[in-house]
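Trainee: can't give you the sequence, but here's the structure:
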């Protein structure tokens, strides 16, 4: 019997898979590293930067519109801004700035040229101003609409193009363009919601000081009216047209005969350039009276008295109160000048139709032999002035304007006079105090004198033109004038209105010169 042995093959069991070991890094071949994905906030910041930069580039390159406004050919552009507003560039005269809205975009209007025929016709026939009002309003509306459409295309194109260049992915690029459009839409909605048509009543002019009165115009009594924006904007266009017209000289300033114009200066501090500036302002604005709230000198010595001599040639009354850098000797020197009216101890005088009362600073700080009295001395001086004001009102001769050098002394007159003027701080500020008296603090008309060279930036030279109604003797408006300090040639004039003079405001219930001791809302 033969046995056959059959050998079956063994079942193959697959071995477990083993990953080949990575080669060891060498000096020529560094170890492989995994690139981490960026954090979400980093991606968000990057996309935001692309949207903002792309939108800005789009506006800069193609986001402008040429539009006629009245007789002027202009270029309108939107620009990124933290404060918003409207800036009208009147090259080479300067620029006009309006606080027209609060939004992250500013409207720039560059005046390129005038239509010679239309501008000359407007200058020769000022009665056409009535039709110009509606024309200017329509032109601004059409130009703004065209600018909105062009700006939308510009920001979307700019953001999309930059997004495509950075990410190289169409979807991310379109996202950037969509976000840019949403940002522009939100900015436009914010500008519309905060639109202030009365901003044209309070323009800020920078450029040639000599033409500022002609552009800004004289302050007038403003009544409630729906078309105030059209009228004032048309007047602004008319004045700029006159300035631009090469066939005529600069228009003469024609002040309103019902207005009293007061020039407020302070803290001259022995700056001889101040007298030329003051004389120029007196001439340009046809000032009726000058008020100096003190610190005309630096040390109050007899050697400085000759510095005061130009006051006699200014040609208008000069009302003066003593500051803490002015000595009694300085006061006696000024009292001998015919056009100077020194006010002290609440003394009152009527000049140019207004009644002024003031008090000298009780402290003379350059004299180190006398210890200064501090705030207590200022408050006592303010109390004496307030008492004098009450006595004047009881006698039937209420004071229109009170003057003190130190604001702390001026604050004691709250409720006793409509307006009190001060200085000392070397920067301007305005507020309505608790009982309704408006405190107006002037900056340094001497640019802080020799102190201007102590800091990195020179202090500006500041003064104000105050406009009063001749009948009511109430403040209608004021122009803040700011000139560049030592070595600078800039000039800026900004118009401001009291709240009660803005369109739509209720008239002040108190009689002129008799503010009540009822708390009033603060404001400028």
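Mentor: Great, that's in hand. These figures come from a predicted structure and were not determined experimentally. Numbers count the residues shown, from 1 in each chain.
Trainee: Pass me the low-pLDDT residue ranges in the stretch 401-524 of the chain, would you?
Mentor: 450-457, 485-489, 503-524 (pLDDT under 70).
Trainee: Of all the residues in stretch 326-346, which ones are buried?
Mentor: Of the residues in stretch 326-346, 326-327, 330-331, 333-334, 339-344, 346 count as buried by neighbour count, 16 or more other CB atoms under 10 Å. For the C-beta atoms, the positions are set from N, CA and C on the backbone; glycine is no exception.
Trainee: Let me know the closest of those residues to residue 379.
Mentor: residue 346 (14.7 Å; CB to CB).
Trainee: Report pLDDT for the closest one.
Mentor: For residue 346, the pLDDT comes out at 92.
Trainee: Which residue is the nearest non-sequential neighbour of it?
Mentor: residue 388 (2.5 Å; CB to CB, 6 or more residues apart in numbering).
Trainee: That neighbour: how many residues sit nearby?
Mentor: 21 (other CB atoms under 10 Å).
Trainee: That one: which element?
Mentor: Assigned by DSSP states H and E, residue 388 belongs to helix 374-394.
Trainee: what does stretch 339-355 rub up against?
Mentor: Residues outside stretch 339-355 that contact it (CB atoms under 8 Å, 6 or more residues apart in numbering): 260, 262, 288-289, 311-312, 314-322, 331, 334-335, 356-360, 384-385, 387-389, 391-392, 397-401, 403, 468, 470, 473, 513.
Trainee: quick one on the thing from earlier: quick one: which of the buried residues of stretch 326-346 sit in strands?
Mentor: 340-342 (DSSP state E).
Trainee: which one of those residues sits closest to residue 135?
Mentor: Using CB to CB, these come closest to residue 135 at residue 341, 49.0 Å.
Trainee: Pull up the gap between that closest one and residue 317, please.
Mentor: 6 Å (CB to CB, to the nearest Å).
Trainee: ranges for the strands of the stretch 51-200 of the chain?
Mentor: 64-69, 72-80, 86-90, 94-98, 105-114 (DSSP state E, counting those that start in this stretch).
Trainee: Which of the contacts of stretch 339-355 fall in helices?
Mentor: Of those, the ones assigned to helices by DSSP state H are 331, 334-335, 384-385, 387-389, 391-392.
Trainee: with these in mind, which one is nearest to residue 82?
Mentor: residue 385 (41.6 Å).
Trainee: list the contacts for that closest one?
Mentor: 346, 357-359, 402, 404, 409, 412-413.
Trainee: Quick check: chain neighbours aside, which residue is closest to it?
Mentor: With CB to CB, 6+ apart as the criterion, residue 385 has its nearest non-adjacent residue at 4.4 Å, and that residue is residue 359.
Trainee: got a list of what that neighbour touches?
Mentor: Residue 359 neighbours (CB under 8 Å, 6+ apart): 321, 343-346, 381-382, 384-385, 388, 403-404, 409.
Trainee: Go again with 10 Å.
Mentor: Residues in contact with residue 359 (CB atoms under 10 Å, 6 or more residues apart in numbering) are 321-322, 343-347, 378, 381-386, 388, 402-406, 409-410, 412-413.
Trainee: who does the top helix by length along the chain touch, helix- and strand-wise?
Mentor: As assigned by DSSP H, the longest helix anywhere in the chain is helix 129-167. Counting contacts by 3 or more CB pairs under 10 Å, 6 or more residues apart in numbering; DSSP states H and E, helix 129-167 is packed against helix 40-62, strand 64-69, strand 72-80, strand 105-114, helix 116-124, helix 170-193, helix 228-244.
Trainee: Kindly calculate the angle that the fourth one makes with helix 40-62.
Mentor: Same thing as strand 105-114. 10 degrees (axes from the mean of the first three to the mean of the last three CA atoms, to 10 degrees).
Trainee: Strand partners (parallel or antiparallel) of strand 105-114?
Mentor: Strand 105-114 has the following strand partners under DSSP bridges: strand 72-80 (antiparallel), strand 86-90 (parallel).
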